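> Got a sequence here, can you model it:
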Amino acid sequence: MNKTILITGGAGFIGSHVVRLFVNSYPNYHIFNLDALTYAGNLENLSDIENKPNYTFIKGDINSDEFVISIFKKHKFDSVIHLAAESHVDRSIEAPLAFVKTNVIGTMTLLNAFKNTWKGNFNNKLFYHVSTDEVYGTLGKKGLFTETTPYSPNSPYSASKASSDHFVRAYGETYNMPYVITNCSNNYGQNQFPEKLIPLFINNIINNKPLPVYGDGNYTRDWLYVKDHAVAIDLVFHKGKNSETYNIGGFNEWKNIDLIKLLCKQMDIELNRPTGSSEELITYVKDRPGHDLRYAIDASKIKNELGWTPSVTFEEGLKKTINWYLNNKEWLNNVTSGAYQSYYKKQYSN
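This is a model prediction of the structure:
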């Protein structure tokens with residue numbers, strides 16, 4: 001094996017797509033997937049590759065300094081792709097300390113282990129930190145986030161991610177540790193835990209439950225198909241410049257309410273329901289605190305330097321996403337009921 005890569009959070013939504021891409025694309029790399037298997041981590045996401053010879057799953061918590069040091073000592077990871085994070089804004093408002101522990105302290109634990117393992121001998125080594133566009137704060141009706149936009153986080157989640165970004169840069173500057181950072185827009189696609197907007201609303205429409213829309217529904221987001229994000233991560237990992245940041249966006253802005261109405265129309269078609277029936281489920285609810293008005297990413301740097309562009313339109317990606325959830329109702333039922341925990345116990349019981 002000519003590379004030994006630790007991917008953290010690899011059983012989660014984005015992480016599982018990255019793990020699959022690397023395992024299948026690079027048989028000479030050994031991919032170690034470290035995940036604590038919290039509510040959003042699901043090994044069923046990777047059942048198709050779990051027996052590959054270049055793949056190893058490790059159950060563990062990045063907050064445990066002793067544990068992280070032990071696995072670095074054992075496996076000598078020459079690269080880290082760090083995706084493990086608490087990522088749901090609503091949860092961060094209710095329990096901000098959990099986000100500090102995982103997103104800040106957990107990142108610090110990994111940085112220290114990486115630094116102390118190689119002790120300045122960083123040739124052909126890389127620490128790749130995956131972050132979010134939310135660190136930049138909010139935009140007005142015009143403008144785009146660029147890689148030089150000042151940080152201005154407005155939620156405990158985005159503040160914790162901003163802090164972790166700063167620590168990664170600081171370790172690069174202080175210890176000459178090679179790193180790259182990517183800041184991505186809202187991801188959507190297969191295997192996303194149904195607390196986020198698109199899978200939540202797909203699940204609610206299937207079950208004829210209300211579709212809760214914050215405020216007036218005019219909050220605007222840029223949407224990125226998760227498989228396109230995984231391809232971008234692959235490109236940055238192999239071709240990105242050391243100590244650089246790359247913004248990854250879908251060139252694809254939607255107001256929440258317009259996205260939801262499109263989703264409703266597509267769901268009516270797929271479920272053979274009368275046109276407009278899903279839209280009747282829309283229910284406006286009290287806005288959440290600190291809700292950012294608009295995110296929009298300028299992804300021209302990764303496009304111009306590395307040749308990356310999204311492979312699908314939003315309408316195409318949304319259709320693929322809807323069809324996946326409709327064809328995998330057992331997966332959806334398992335993650336919403338908690339029954340999938342038995343899979344972990346069966347596969348990885350101590």
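> Now residue 230. Its backbone dihedrals?
phi -60, psi -40 (degrees, to the nearest 10).
> For it, grab the count of nearby residues.
As a burial measure, residue 230 scores 22 neighbours (other C-beta atoms under 10 Å). For the C-beta atoms, the positions are set from N, CA and C on the backbone; glycine is no exception.
> Now do the contacts for it.
With contact taken as C-beta atoms under 8 Å, 6 or more residues apart in numbering, residue 230 is in contact with 14, 17-18, 20-21.
> and those, which of them are in helices?
The helices, defined by DSSP state H, take in 14, 17-18, 20-21 from those.
> Report the buried members of those.
14, 17-18, 20-21 (16 or more other C-beta atoms under 10 Å).
> Tell me the one among the residues you listed nearest to residue 296.
residue 14 (19.7 Å; C-beta to C-beta).
> any idea which element residue 187 lies in?
If you go by DSSP states H and E, residue 187 is part of strand 186-188.
> what sits up against that strand?
13-14, 196, 198-199, 221-226, 229, 295, 317-318, 321.
> okay, who's weakest in these by pLDDT?
pLDDT across the contacts of strand 186-188 is lowest for residue 196, at 87.
> Backbone dihedrals for it, both of them.
Backbone torsions of residue 196, given as degrees, to the nearest 10, read phi -80, psi 160.
> Which residue, other than its chain neighbours, is closest to it?
Distances taken as C-beta to C-beta, 6 or more residues apart in numbering place residue 88 nearest to residue 196, at 7.2 Å, with adjacent residues excluded.
> pull the helix or strand with minimum mean pLDDT from the protein.
The helix or strand with the lowest mean pLDDT-type score in the chain, counting by mean pLDDT, DSSP states H and E, is helix 341-348 (a mean of 51).
> Might one say that residue 214 is in contact with residue 285?
Yes: using C-beta atoms under 8 Å, residue 214 is in contact with residue 285, at 6.3 Å.
> These two - which one has more neighbours?
residue 214 (17 against 11).
> Check what pLDDT that one gets.
In this model, residue 214 carries a pLDDT of 89.
> Check residue 141 too.
The per-residue pLDDT of residue 141 was computed as 86.
> My assumption is that it lies in a helix; please confirm.
No: when DSSP: H, G, I helix; E, B strand; the rest coil is applied, residue 141 is found to be coil, with no helix at that position.
> Quick check: closest non-adjacent residue to it.
Spatial nearest neighbour of residue 141, excluding adjacent residues (C-beta to C-beta, 6+ apart): residue 294 at 7.0 Å.
> Correct me if wrong: that neighbour contacts residue 222.
No: the criterion here is C-beta under 8 Å, and residue 294 misses it with residue 222 at 9.0 Å.
> neighbour count winner among those two?
residue 222 (25 against 18).
> Cheers, nothing more for now.
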